[in-house]
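Engineer: give the three-dimensional model of this entry:
(chains A and B)
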Amino acid sequence: MQPVSPTAPALVISGLSKKYPNGTQALHQINLEIPRGMFGLLGPNGAGKSTLMRTLATLQDADTGSARLGDLDMLRDKRAVRQVLGYLPQSFGVYPYISAIDMLDHFARLKGIHHTGERKAMVEALLRQTNLWEVRNRQVGKYSGGMKQRFGIAQALLGNPQLIIVDEPTAGLDPAERNRFHNLLSEIGENIIVILSTHIVEDVSDLCEQMAIIHRGEVLVTGIPQELIAGAAGWVWETVVPKDQLQAHQQQYNVISSRHFGGNIVVRVWADTQPDTHFSPASGRLEDIYFARIKERETAQAAATA
Amino acid sequence: MFREIFLFEIGYRLRRPATYIYLGLYLLVGFLWGMLISGAAGPEAAGSFSGGGKGVYNSAYTIHFSLLALGQYAIFAVAAFMGVAVNRDFEYQAHELFFTRPVTKAGYLGGRYLGSLIFALAVMVVIAVGLQLAYMSPWATAEKLGPFNLSFYLVPLLLHLVPFTVITGTVFFATVSLTRNNLFIYLNAILLLVLFTTASGLSSQLDNKTLASLLDPTGGTAFQTLTENWTSAERNTQTLPLTAMTVGNQLIWLGVALLVALFTYLRFQMNYATESRPLLSRTAQTIKLIGDTVTLQRVSLPSVSQQFGLREHFRLLGLLTGRALREILRSPIFWVITGIGVLFMIMIYFVSGLVYETPTRPVTYQILGLLSSNFTLFILAIMVFYTGEQIWKERTHDVSQLYDTLPMPVWITLTARFVAMIGVLCVLMTILMVTGMIIQVGNGFFQLDPGQYITELFGLRMLGFIETLGLFFFIQILSNNKYLGFFLSVLVYLAFWTLLPAVGIEDRLWRLGSAPQTLYSDMNGFGHFIGPYLTYRAYWGALTVALLILAGGLWVRGTEDDLRSRWARLRVYIRGSRAVQAGLGVSLAIFLGMGGYIFYNTHVLNPFYTSRDYQRMQAEFEKTYKRYEHTPQPRITSVRLRVDLRPEVRAFSASGTYVLRNKHPFAVDTVIINYNSDLTLHQLQFSRPADRVLADTVNGLLIYRLAQPLAAGDSLEMQFEESLTYQGFSNSGGGSSLVYNGTFLNYTYFPTLGYNSDAELLDPDLRKKYNLPAKPRMSLIDDTLAVKSNLLGAAADWIRFEAAVGTAPDQIAVAPGYLTREWTDGGRRWFHYQMDVPMIHFYSIVSARYAVKQDTWQAPDGRTINLEIYHHPSHTWNLDRMMDGMKQSLAYYTEAFGPYQHRQVRILEFPRYAGFAQSFANTIPYSESVGFIANVGKNDVDYPFYITCHEVAHQWWAHQVVGGKVQGFQFLSETMSQYAALMVMEKNFGKENMDKFLELEMQNYLQGRTGERIAETPVLLSENQPYIHYNKGSVVMYALQDYLGEDTLNAALKRYVSKVKFQEPPYTTTREWMQYVSAVTPDSLRGVLTDLLETITLYENTADSATYVEQDGRYKVSFTVKSRKLRMIHDDESEVPINDYIDIGVFGQEKQDGKWVDKVLYLQKHKITTPEQRIEVWVDAKPEKAGIDPWHKLVDRKPADNTAITRPAKIP
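Structural biologist: Predicted structure coming up:
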């Protein structure tokens, strides 16, 4: 990787809003500061993550607000953004009947890498890095899901991207693939901005230095995963109850998650003091913050509309 | 399971907006078409579909025809409904859901198929509904509508449209089910459409009609074949009969559809997903490998430099253009379409360019003509299809999110794809050029003209195609849906190229992409057409550039494609870029500038009139000046002209002196001058004082009052000076009479006398529209006033003529008369011609760079007649045939009709802007396209010879015998010339070779009468009806000489000619002609004259069940002949008893020069008195066919079934 100046500018998003023609408020007054390194954007499906990603990737326009990468006005100077952008969409296709190496080489040219030697070296390095070198002459269209996803990251790394946006990259990958992918991302993320959008909490807690939770187009939480987890200490309580008591618990306590465990249900509750004697304190996880904040917001909204 | 899927499909369709869009669109198409044919756009547009005249606008025929025509274009909707049915599941990956449920294959396919088919059929129904709505709308002309009749709609729907939908729909369904590729559907649709169109085109040939009818899945050919001889009355009320041809044709194709469906069922795989299993297992291994190396590798990528400058942009442009071009050229579909196109072009070559079924030489313009009519369809198909593919490439393959974030401006992608498509066009043009040359060389034609190919294909046509391409790009990008884009492209193309002119929008300024045609002539090259053409191309080209620049802003980049955000981005695109603003500004400025320049030329320098304007002007002219129709006028008795042609600049100036003589028994004080208003009349004066009392320079009409009336029998001189120059160009591109090489002016370029009633509107519907009184098409034969004028009007009878014509130094100018002097004056070459006998007031002035072929013919009285052909130097192929035609004609006519009045016959070639030959006194201008390039094979009709004979015959029939301008006058000129030419043909080629020609004439007559707008007349009373006086005339005159005997008939004709030739008014009529012919007709044949000449009589002669038995080397042939005789009185055909002598013939075959030809074994006239009878005759050789009227001497409604193949009888 070409060394990038340690003072690589941060990405500052302020007041970003977007409403779709069908009335959906996809983004509402988003304010974020995304520094160099891996940044995790966590949220349930339909939270507005992809809208935000696509807006940053110049594929959509915002209604109001701004996004600046250093001096660069990302919403206006799209061409300049594209020159420093690496983008891996949530899903993408490839041209038919074209091999991985040809398509990557083609995209490299389109990304302005005109020097043949440099381009060849880069394409080869990327294919090796993503472990596609052995299958480089196979048609991309016939790749499996994981291979295609790695091809996707290879094309996103072409050139000298300063901003890499990956949208739900590990969906559909098996654990080994995911592991591999994380490794690659975190290596890249050392010097530039990498925004990782996902609904998988582990992806963020494992990889990201900074994160934000986004829900219904609004930012609920921003921070460093470890600090957020530390902040949850003393708030999470756990108990095991028979199935028939789940509903009663849900009504009585602030239940943030529940899962089956050996025929019974493990119920986790968010509270500042021990809710009841049969609850024992549990160590806080990022997941708990995620569910707690979302639940908090849902409850607040339900109260507001009631 | 079938039921669920079927209902699911219907429910799905009903929820889709696309369903309503398609149904709405086709309802609209039906409605708009209905408006057009029900008179909303004027009677002439409507009349052209309903046959005009007595045809009602909602006749059974018109409805059937309309539904057939529109139904074909519904093929796109059928494709959309049927093709997407199965593929939708694959596209949205829903097939796994469906296939994992307990769905049977039959249930799945059947449900989908029928559920979709219902909607495809609904499209056909809404077209019919739209049509009927238009008929019921207030814009329809109520008095031209018959009563509503449901069966008029049901018959075409059930007989043709439903089977057509099922057939094409099944093919689409099968294609997509089996290939799982949407791409093929629209390709299929376009291909099928082209195939059908071409199949219909081919079927217009005579012999293969039954086969073509059976093979054409649209049913259109069967429809055309069955209805082609229908009269207006039949068209109005008769629905298509269920015959073997109509039903058989549909059964064949439904059978094919069934086979396709069965094949689809058998081949369709429900377990689609399992196909990729082997691939998955291999991937699993790869994953393990990755797993092993996870912690070992460090990410290290080489450093690269990125450049985004203008230079790099152009490198990318080149790169992307090359890729797109390669991609198209490597696609099999491209070569399939092109290959089929080329094959069709070659096939069409063999059946087109035929005159009397005789091919023409494959001169380059002829080959290029094939392109415009046929291959253009394929080029358009390729343009529409690949424009869609190119513009939708990223989104089709879901690469757009990757592609759209690349640091590359849109214009590179757009331009690259546009240039690539231009490259595709270049490839197509090259293929055309090579194919054309191969056709030429393959036909032994070696005068290859690459220059003309390149100019025409890579220059003129290419410009037009590029503009169309730009339009398709714009439509495709704007519509933002590939299939809608396809549909709109076709729709817009049809609308601008065919619909607008049909509804009266003729101004090219509004007709996108329109330009005046450039007609190449071997003689005149591209002539003066090229300048206006290029001006229009620049005009539309500038608009295309503007549209393409806009397309760059409309291009959807990113994931938002709603209208609001596209509009917002377009505004940013225009506001944010100086280059875009400049580009739009400059291109729109050029567009407006060129538009202004064109407007200046077509509306200011030249008056702009639509055909409707002309009609209005005609009507007004009639209303204003009709009162002068019978104002007594002197007649021209002498014409002296001095014409200074300037072909180099397309101009001439002329002066002339006429002698006018008062032939009335009373004094005349008014002289009405009418002249072609394109001319400038500088001066006009009489040899005695006269006052101009009216001057209408718009219509070209002047009225003078003589100070002292011209006494009976007295004469005066009239002198005039005039000139003609063309200012700029007009909407039609400019006249083609006065050209650089091959000028052909006639007497209408010089002033004449009196009100010209030929300029009046004739069509009864139009006369009604402009409140003009009904007008008989022709004066009645008994009109004693009309009979005092000849076919050219009342201006003159016989004139003395001389003309001095100056022209370019390298051209020869010719006018009637004999060359008395040739000189050069001021660098101009001058010729003086003088006629030494009286001639009719009908002359031409021709000038071109000619080569001259000369010969002579000795008349029986010892005179030497000079024969000359003035031709384009390279057009030498048929000069001998023409020369031979002149000699044989002169010989036959002198013998049959009396002496030739001149000392010379000249044929003069003129450019192909008109395709006729015309006989002036001793002078016959002859178009380069009708005889000079004929390629007459051994068994072809030698039409250069034939046309020559016809034109030479006019020297007797029109130049000696001139009929009064009443019913039947063209019988005396055209029918008699046809007859004369036929007899020379028979002498030259033999009786047995006349059949082919006569059958064609019969066919043309039968077809001609279906288009009759007023009323059919007997041949002796024909009223300027070419199908009667040419086509029926040939048939009946040939029959007449067969019944009366050639010599007997000719003797009567000779007596007639000597009686009436060069007569002063009143002129002769067919009534007088008939007296001479009656005089030589025995009573037993009196009925023949009635049948052939005096009435409209048609036969339906048929032969069948022909068998033979051999006995001692002789053959007894027996066969059944049926004969019906129909007479048409007041548009009503009724059967009359038969009691006629009709040819009965038996034919064998013999080999002549290696080819089998018919040999007459028996040919006798039998008296036929019963509608059906068995005939037995003995012949000496093995019979092949037998029948009644085998040589088509009688007018027969179905000429093809007169003979039957003879088969050996089964001996009991």
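Engineer: just say helix, strand or coil for the closest residue to B:Pro773 other than its chain neighbours.
Structural biologist: For B:Pro773, ignoring the flanking residues on the chain, the nearest one in space by CB to CB, 6 or more residues apart in numbering or on different chains is B:Arg767 at 7.4 Å. To be clear about C-beta, it is placed using only N, CA and C from the backbone, and glycine gets the same treatment. Secondary structure state of B:Arg767, per DSSP: H, G, I helix; E, B strand; the rest coil, is helix.
Engineer: quickly note the distance from B:Gly585 to A:Arg119.
Structural biologist: 39 Å (CB to CB, to the nearest Å).
Engineer: OK, now which residue of the stretch 901-1050 of chain B is nearest to chain A?
Structural biologist: B:Asn935 (47.7 Å; CB to the nearest CB).
Engineer: coming back round to it: so which of B:Gly585 and A:Arg119 has more stuff around it?
Structural biologist: It is A:Arg119, of B:Gly585 and A:Arg119, that has more neighbours when counted by other CB atoms under 10 Å in any protein chain shown, with 22 against 12.
Engineer: that one contacts A:Ile113, correct?
Structural biologist: Yes. Counting by CB atoms under 8 Å, A:Arg119 does reach A:Ile113; the two are 4.5 Å apart.
Engineer: and A:Ile265, what is it in contact with?
Structural biologist: With contacts defined as CB atoms under 8 Å, 6 or more residues apart in numbering or on different chains, A:Ile265 is in contact with A:Val240, A:Val241, A:Pro242, A:Lys243, A:Gln245, A:Leu246, A:Ser258, A:Arg259.
Engineer: pick the one among those residues closest to chain B.
Structural biologist: Chain B has its nearest neighbour among the contacts of A:Ile265 in A:Arg259, at 27.8 Å by CB to the nearest CB.
Engineer: in terms of helices and strands, where is that closest one?
Structural biologist: Secondary structure assigned from DSSP states H and E places A:Arg259 in strand A:255-261.
Engineer: continuing past that strand, what's the next helix or strand?
Structural biologist: Once the chain leaves strand A:255-261, the next helix or strand it forms, by DSSP H and E, is strand A:264-270.
Engineer: ok now the next helix or strand after that following strand, how far from the chain's centre?
Structural biologist: Following strand A:264-270 in sequence order, the next helix or strand is strand A:280-281 (DSSP H and E). A distance of 31 Å separates the C-alpha centroid of strand A:280-281 from that of its chain, computed with CA atoms, centre = their mean, to the nearest Å.
Engineer: strand A:280-281 packs against which elements?
Structural biologist: strand A:236-241 (3 or more CB pairs under 8 Å, 6 or more residues apart in numbering or on different chains; DSSP states H and E).
Engineer: coming back round to it: what's the overlap in contacts for A:Arg119 and A:Ile113?
Structural biologist: A shared contact of A:Arg119 and A:Ile113, defined by CB under 8 Å, 6+ apart, is any residue touching both; here these are B:Val304.
Engineer: can you pull the contacts of the residue of the stretch 901-1050 of chain B closest to chain A?
Structural biologist: By CB under 8 Å, 6+ apart, B:Asn935 lies in contact with B:Thr358, B:Pro359, B:Thr360, B:Arg361, B:Pro362, B:Asn443, B:Trp877.
Engineer: try 7 Å
Structural biologist: By CB atoms under 7 Å, 6 or more residues apart in numbering or on different chains, the contact list for B:Asn935 reads B:Pro359, B:Thr360, B:Arg361.
Engineer: please apply the same query to B:Thr1068.
Structural biologist: By CB under 7 Å, 6+ apart, the residues touching B:Thr1068 are B:Val961, B:Gly963, B:Gly964, B:Leu972, B:Val1060.
Engineer: same check, this time on B:Gly111
Structural biologist: Residues in contact with B:Gly111 (CB under 7 Å, 6+ apart) are B:Phe2, B:Ile5, B:Phe6, B:Glu9.
Engineer: against A:Pro225, how distant is the first one?
Structural biologist: This means B:Phe2. Taking CB to CB as the measure, B:Phe2 and A:Pro225 are separated by 56 Å.
Engineer: the two: who's more crowded?
Structural biologist: Neighbours of B:Phe2 and A:Pro225, each counted by other CB under 10 Å, are more numerous for A:Pro225; the result is 20 against 17.
Engineer: give me the pLDDT for that one.
Structural biologist: Here, the pLDDT recorded for A:Pro225 equals 89.
Engineer: pretty sure it contacts A:Val204?
Structural biologist: Yes. At 6.2 Å, A:Pro225 counts as touching A:Val204 under the criterion of CB atoms under 7 Å.
Engineer: overlap in contacts, these two.
Structural biologist: Shared contacts of A:Pro225 and A:Val204, defined by CB under 7 Å, 6+ apart, comprise A:Met211, A:Leu286.
Engineer: can you count the residues close to the residue nearest to B:Pro773?
Structural biologist: Neighbour tally, B:Arg767, other CB under 10 Å: 20.
Engineer: ok, the one 4 residues further on next?
Structural biologist: For B:Asn771, the number of neighbouring residues by other CB under 10 Å comes to 8.
Engineer: phi, psi of it?
Structural biologist: Dihedral angles of B:Asn771 (phi, psi; degrees, to the nearest 10) stand at phi 60, psi 40.
Engineer: could you report the pLDDT at it?
Structural biologist: Here the pLDDT value assigned to B:Asn771 is 93.
Engineer: then B:Gly318?
Structural biologist: Listed pLDDT for B:Gly318 reads 95.
Engineer: what's the spacing between it and B:Leu548?
Structural biologist: Counting by CB to CB, the gap between B:Gly318 and B:Leu548 amounts to 18 Å.
Engineer: those two: who's more crowded?
Structural biologist: Relative neighbour count places B:Leu548 above the other of B:Gly318 and B:Leu548, with 21 against 13, counting by other CB under 10 Å.
Engineer: that one falls within a helix, correct?
Structural biologist: Yes. Counting by three-state DSSP, B:Leu548 is located in a helix.
Engineer: what secondary structure does B:Pro925 sit in?
Structural biologist: B:Pro925 - assigned by three-state DSSP - is strand.
Engineer: and what of B:Asn188?
Structural biologist: helix.
Engineer: now do the contacts for the closest residue to chain A within chain B.
Structural biologist: Among the residues of chain B, B:Asp398 lies nearest to chain A; the distance is 3.0 Å by CB to the nearest CB. Shown here is B:Asp398, whose contacts under the criterion CB under 7 Å, 6+ apart are A:Phe92, A:Gly93.
Engineer: helix, strand or coil for it?
Structural biologist: For B:Asp398, the secondary-structure state derived from three-state DSSP is coil.
Engineer: would you list the phi and psi of it?
Structural biologist: In this entry, B:Asp398 is assigned phi and psi values of phi 60, psi 30 (degrees, to the nearest 10).
Engineer: pLDDT score assigned to it?
Structural biologist: What the model reports for B:Asp398 is a pLDDT of 88.
Engineer: hang on, the earlier thing: name the helices or strands packed onto the strand holding A:Arg259?
Structural biologist: When contacts are defined as 3 or more CB pairs under 7 Å, 6 or more residues apart in numbering or on different chains; DSSP states H and E, strand A:255-261 sits against strand A:264-270, helix A:286-305.
Engineer: tell me, how many residues neighbour B:Ala707?
Structural biologist: Per other CB under 10 Å, the neighbour tally for B:Ala707 reads 11.
Engineer: quick one: stretch B:881-890 to chain centroid distance?
Structural biologist: Put simply, stretch B:881-890 sits 31 Å off its chain's centre (CA atoms, centre = their mean).
Engineer: an error on my part: the question was meant for stretch A:140-150.
Structural biologist: In terms of CA atoms, centre = their mean, the centre of stretch A:140-150 is found 20 Å from the chain centre.
Engineer: pretty sure A:Leu16 sits in a strand.
Structural biologist: Yes. Counting by three-state DSSP, A:Leu16 is located in a strand.
Engineer: in a helix, that's where B:Ile5 is, yeah?
Structural biologist: Yes. With three-state DSSP as the criterion, B:Ile5 is assigned to a helix.
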